[in-house]
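**Student:** the sequence isn't on hand, but the structure is:
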């Protein structure tokens, strides 16, 4: 242990202000999708730049024919307080999802499609992962119009330059 | 606390938001806007009037509400009040800082 008084009293440098949030969304369960959207929108509302990179199952949130059908996970999710065996019964996911959507509507949280429009209009850059697109045999036409571009991981990292940039994996 | 804006004394909170909308007037508004780096235009005033109406009707402000407002769209809202539009516009409108996360 360093007991040098100078080291002990040295104040860490003030961290740089957050200037840009780069969010990576890899899942398609409603809770994860909304976490990414609310963080991205919240950043813009504070004058912080934000971008979302949709990869793997996260691509479901930007596919025209899938984004309205996202579910909450009732199996393997202890916070749902539903026993695993029951959570797997037919209709359980749909029921839990319906209940969650109802609660969100009460709080004026927009549905996925409308939220994506809001994000795009607010200046959030929306990127789709090229490798995951290839893996799931998806074409650009399968995605919503608001997507800025299909890019590689390298392209995405290239967007991370500048002080105060933070990356977050969801 | 008290703050003198353009010769008028008004009550503000520690973040500079007016605590009483009755003390708001256009001159005060223009000064607050200046502090935020914004020059007011007719477009701005239209939005400010809308926000004040919403506040008087106890409607919580959110970006979704802006989208549905029929007064302004989100893109223009960000263009008029760059860098935290709802916060800045509320400050200029003399109403409390919005508390919603959306």
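**Tutor:** Structure's in. What do you need? Given the structure is predicted, the values throughout are model-derived calculations rather than measurements. Residues are numbered from 1 along each chain as shown, chains lettered A, B, ... in the order given.

**Student:** so what's the backbone phi/psi at the residue nearest the centre of chain A?
**Tutor:** Central residue of chain A (Cα atoms, centre = their mean): residue A:36, 2.6 Å from the mean position. Main-chain dihedrals, residue A:36, degrees, to the nearest 10: phi -60, psi -50.

**Student:** distance of it from residue A:108?
**Tutor:** Distance of residue A:36 to residue A:108, given as Cβ to Cβ, to the nearest Å: 19 Å. Backbone N, C-alpha and C define where each C-beta goes, glycine included.

**Student:** hmm, who's touching whichever helix in chain B runs longest?
**Tutor:** The residue-count maximum for a helix in chain B (DSSP state H) belongs to helix B:42-56. For helix B:42-56, the surrounding residues in contact (Cβ atoms under 8 Å, 6 or more residues apart in numbering or on different chains) are B:21, B:24, B:26, B:29, B:33, B:38, B:61, B:65, B:69, B:71-72, B:76-77, B:80-81, B:89-90, B:92-96.

**Student:** hmm, which of these are the buried ones?
**Tutor:** B:24, B:29, B:33, B:38, B:61, B:65, B:69, B:71-72, B:77, B:80-81, B:89-90, B:92-96 (16 or more other Cβ atoms under 10 Å in any protein chain shown).

**Student:** can you map out the strands along chain B?
**Tutor:** Assigned by DSSP state E, chain B shows strands spanning B:2-5, B:8-11.

**Student:** of all the residues in stretch B:19-39, which ones are buried?
**Tutor:** Under 16+ other Cβ under 10 Å, the buried positions of stretch B:19-39 are B:24, B:28, B:29, B:30, B:31, B:32, B:33, B:36, B:38.

**Student:** closest to residue A:79 among the residues you listed?
**Tutor:** For those, the residue nearest residue A:79 by Cβ to Cβ is residue B:36; the value is 40.5 Å.

**Student:** please list the residues of chain B that sit near chain A.
**Tutor:** B:60, B:62-65, B:67, B:73-75, B:78, B:82-87, B:100-102 (Cβ under 8 Å from any Cβ of the partner chain).

**Student:** go with 10 Å
**Tutor:** B:60, B:62-68, B:73-79, B:81-88, B:98, B:100-102 (Cβ under 10 Å from any Cβ of the partner chain).

**Student:** filter the residues you listed down to the buried ones and hand me the ChimeraX line.
**Tutor:** Filtering the residues of chain B next to chain A down to the buried ones (16+ other Cβ under 10 Å) takes a single ChimeraX command:
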select /B:62,63,64,65,66,67,74,77,78,81,84,85,86,87,88,98,100,102
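
**Student:** much appreciated, bye for now.
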